[in-house]
Every structure is written in structure tokens, then in C-alpha cells.
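Undergrad: Okay, sequence plus prediction incoming.
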Amino acid sequence: MIELTESYVTADAESKAKEFIKIDKNQIRKFYDDFKLIERKLDENQNANNDWFKKEILPHIKFVKSKIAYSAGRKSANGYLVTPVFKEYMDKQISAINTISDFKVFLMHYQAIIAYYTYHSEFKDKAQQSKGSK
């Protein structure tokens, strides 16, 4: 069970964003986009319940773990596409998803991670640029 708490969508998400700062933003967004496509399938079913979710949607969510593993094993010019820390964290989060509510709360958390990631990566870039211009 994933519980919606203030910390899960603020402090915890910001902490994870800082840990993931070395990952290319496109990689982090790619998996979020996968989850958003799955969410659209869920939202299209007006009669969605947890039994249907477990049968029709949950396997697609769990499959994203394999996509993350693939990226964790692929090298780029700057190292691996995603870090082992990212893979391990996402595996744990995805494993905790068992209900529609879990999935929705996880999506909020992931969205918050991306927001904090963007802030910290942009802030870092601007700080480095201002140091270089002095």
C-alpha cells in the first residue's frame, strides 16, 4: 500500500530528485510518460475497480520495471542511462502498487520528483553559468 502523505509528495520526492540529478531528464520523463499512458487506459474505464485493475492494468505497470532495468543496463556517453539507485527505488515503488489508489498516489509522487528534479537541475545550471560569467 502506498499512502498519500505530505512528505511523500514533498520532502521525500525532493530528496529522490536530488539523488537522481545525474540521470538525463529524458530518461526520467520516459518512464513517467509510460505511466501516464497506462493511467489513460485506467481512466477510460468508467467501471474500473481493483479486480479489473489487477487483471488489466497492473501487469502493464509492473512491466515498466523491465524497461527501467533495460535502461539501467545500457551505457551512454556519460555512463548508464539510469543509475542503480534509480532502478532500485523504482522497483520498490512499483512493487508497492496493488490498487488504483496506490497507482494514483505513486503518480503524484513521481510527478513531484520530476518537478523537483527540474528545479534543482535548472538551479544548478544557472548557478554554474553565473559562476562562469564572473
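TA: Nice, thanks for sending it over.

Undergrad: Near residue 115, how many residues? Count them for me, please.
TA: Counted with other C-beta atoms under 10 Å, residues neighbouring residue 115 total 14. C-beta here means a position set from N, CA and C on the backbone, and glycine is covered the same way.

Undergrad: Could you do residue 6 as well?
TA: A count of neighbours around residue 6, defined by other C-beta under 10 Å, yields 8.

Undergrad: Where is the longest helix in the protein?
TA: In the chain, with assignment by DSSP state H, the single longest helix is helix 100-133.

Undergrad: Mind listing what's buried along that helix?
TA: Neighbour-count burial for helix 100-133 flags 100, 102-103, 105-107, 109-110, 112-114, 116-117, 121 (criterion: 16 or more other C-beta atoms under 10 Å).

Undergrad: I'd like the mean pLDDT over it, please.
TA: Here helix 100-133 scores 84 as its mean pLDDT.

Undergrad: State the mean pLDDT of stretch 52-61.
TA: Mean predicted confidence for stretch 52-61 is 97.

Undergrad: tell me which residues in it are buried?
TA: 53, 57-58, 61.

Undergrad: Give me the subset of the residues you listed that lies in helices.
TA: Using DSSP H, the subset of those located in helices is 58, 61.

Undergrad: any idea which of the buried residues of stretch 52-61 is closest to residue 26?
TA: Closest approach to residue 26 among these (C-beta to C-beta): residue 61, at 20.9 Å.

Undergrad: about what we covered before: what helices or strands is the longest helix of the chain leaning on?
TA: helix 6-9, helix 11-19, helix 25-44, helix 84-95 (3 or more C-beta pairs under 8 Å, 6 or more residues apart in numbering; DSSP states H and E).

Undergrad: count of neighbours near residue 29?
TA: Residue 29 has 14 nearby residues by other C-beta under 10 Å.

Undergrad: Which residues are in contact with the closest residue in space to it that isn't next to it in sequence?
TA: In this structure, residue 29 finds its nearest non-sequential neighbour in residue 114, 6.7 Å apart by C-beta to C-beta, 6 or more residues apart in numbering. With contact set as C-beta atoms under 8 Å, 6 or more residues apart in numbering, residue 114 has these partners: 17, 28-29, 32.
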